[in-house]
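Undergrad: turn this into a structure:
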Amino acid sequence: MKHCLKMTALILSTSMAFAIESQVSTPFANTKVIATFVKPGDIVSRGQLIARLDTNELKAKLEQLRADKQQIETEIQLTKKMLKKSKASRSQRIHDKEKAMIDANQIINGIGNLSSMKNKAISNQNIDNDIKSLSSSHQKQRQLHKRLNDTLKSLTASELKFEELIKSAEVTSPYDGMVLDIAHINHEINHSHQSLGTIDHV
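TA: Alright, predicted model coming up:
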């Protein structure tokens, strides 16, 4: 858990022993304290739960983020299928073009029917246009697939961040000490790293 330290030294003896006060701060903004588990004067140990913050808004955002992530994952699967289909279509049209060229060569060599030469030329041109169109479509689908994957990575990173924030709503003592002051229940937290209380580290 991140916490800001407000360090003050208090000389207790000539041996230079000193106590340290630390302000325990909140990890995120725009929330409130929903529970406190200690009061001023309590002795606490490192890692002991001292307060809990409201995470309802964070959880709602996390659920929305997960829904968005699921939608992106579905779209990625669809683009994979489209890429596979367009690749197969392009391969088929290239095969058709190769076959048309063989047929055209047979006609030129006098093996085939000369009356179909015009149709073969038209067919060849159509195949060329189809291949160009399919190649363009395939490239756009590849770009879309990449954008979707980049978005998914970003959403996954955000999901992990939200999960960490929700975990950090369980505010614990950074060390052994005595509670000097603590925020009351329903205390509004307006910004991150706002002081939640002070613990005297002895």
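
Undergrad: so residue 50, which state does it fall into?
TA: Secondary structure, DSSP: H, G, I helix; E, B strand; the rest coil: residue 50 is strand.

Undergrad: walk me through the domains of the chain.
TA: For the chain, automatic domain parsing gives the domain ranges 9-54+170-201, 59-165.

Undergrad: same list, those, but as CSV with mean neighbour count please.
TA: Yep, even glycine has a C-beta here, placed from its N, CA and C like the rest. Output for the domains of the chain, formatted as CSV (neighbours: other Cβ atoms under 10 Å):
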stretch, mean neighbour count
domain 9-54+170-201, 16
domain 59-165, 14
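
Undergrad: let's have those domains in JSON lines, adding mean pLDDT.
TA: Output for those, formatted as JSON lines (pLDDT from 0 to 100):
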{"stretch": "domain 9-54+170-201", "mean pLDDT": "78"}
{"stretch": "domain 59-165", "mean pLDDT": "76"}
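
Undergrad: tell me where the chain has helices.
TA: 56-108, 117-167 (DSSP state H).

Undergrad: for the last one, packing partners?
TA: Using 3 or more Cβ pairs under 8 Å, 6 or more residues apart in numbering; DSSP states H and E as the contact definition, the elements that helix 117-167 packs against are helix 56-108.

Undergrad: and the gap between residue 64 and residue 71?
TA: 11 Å (Cβ to Cβ, to the nearest Å).

Undergrad: ditto for residue 43
TA: Distance from residue 43 to residue 71, by Cβ to Cβ: 50 Å.

Undergrad: what does residue 151 give?
TA: 10 Å.

Undergrad: what of residue 162?
TA: Distance of residue 162 to residue 71, computed by Cβ to Cβ: 17 Å.

Undergrad: and if you look at residue 191?
TA: 32 Å.

Undergrad: can you check residue 61 too?
TA: 16 Å.

Undergrad: I'd like to know the beta-bridge partner residues of residue 24.
TA: Counting by DSSP bridges, residue 24 forms beta bridges with residue 197.

Undergrad: list the contacts for it?
TA: 3, 50, 171, 173-174, 195-199 (Cβ atoms under 8 Å, 6 or more residues apart in numbering).

Undergrad: swap the cut-off to 10 Å and go again
TA: 1, 3-5, 44, 50-51, 171-174, 179, 181-183, 195-199 (Cβ atoms under 10 Å, 6 or more residues apart in numbering).

Undergrad: next: residue 31.
TA: Counted by Cβ under 10 Å, 6+ apart, residue 31 has contacts 53-58, 165, 169, 187-190, 192, 194.
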